[in-house]
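> predicted model and sequence below, questions to follow.
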Amino acid sequence: MTETGELTYRRVHRASPEVLFDCMTTPEHLTHFWGPAGTTTPVGNITVDLRPGGVFETTMVNDADGSTHTMRAVYVEVRRPERLVWIEADVEGGMRTTITFVDLHDGRTEVVTHQTNVPAAYLSAQARAGFTTSLDRLDVYLAHLNAKRE
């Protein structure tokens, strides 16, 4: 049994909870930002069966060497636009990710990502920095979406 921990990421994005929820649950959106900088996740590598018990699977491709990393999860809770919960059973202890979308009522939404049963490898500064680059990529994608709407 390895040590597990928990992580919480908070980020305020310029988008409604509905837009952010859809970005996190639609392959055509996820392909633009899923994974850390230096990876891509082709739309064909993303499976979303958006219901409790449904599969959420992504395969990221390392831009430098072509190696892949697959994340397999099952949705536990799907409540648009407030909350999304999935469990990655493949990760020791069953890592649980809860994403809460908090409407700030000014065109912005705070997204709180809370993970429990996080394995030590995911707790490293490098892994946390990689996750943060994914949030940065989401910000860039949202700016692109907002520009298309204006």
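Cool, the structure landed. Note that the structure is predicted; figures quoted are calculated from it, not measured.

> what's the following helix or strand after the helix-or-strand element of the chain with minimal mean pLDDT?
Lowest on mean pLDDT, DSSP states H and E among the helices and strands of the chain sits helix 120-123, with a mean of 86. Per DSSP states H and E, the first helix or strand lying C-terminal to helix 120-123 is helix 125-149.

> what packs against that following helix?
Judged by 3 or more Cβ pairs under 8 Å, 6 or more residues apart in numbering; DSSP states H and E, helix 125-149 is in contact with strand 4-13, helix 17-25. (Each C-beta comes from the backbone N, C-alpha and C, glycine too.)

> contacting residues for I46?
Residues counted as contacts of I46 (Cβ atoms under 8 Å, 6 or more residues apart in numbering) are 27, 30-31, 34, 57-59.

> repeat for R72
55-57, 88-90.

> any of these buried? List them.
Those of the contacts of R72 that meet the buried threshold are 56, 88, by 16 or more other Cβ atoms under 10 Å.

> pick the one among the contacts of R72 closest to V12.
F56 (24.1 Å; Cβ to Cβ).

> secondary structure class for that closest one?
strand (DSSP: H, G, I helix; E, B strand; the rest coil).

> check the residue nearest to it when sequence neighbours are not counted and give its pLDDT.
The spatial neighbour of F56 that comes closest, neighbours along the chain excluded (Cβ to Cβ, 6 or more residues apart in numbering), is A73 at 4.5 Å. Per-residue confidence (pLDDT) for A73: 97.

> residue contacts, A73?
Counting by Cβ under 8 Å, 6+ apart, A73 touches 55-57, 86-89, 97.
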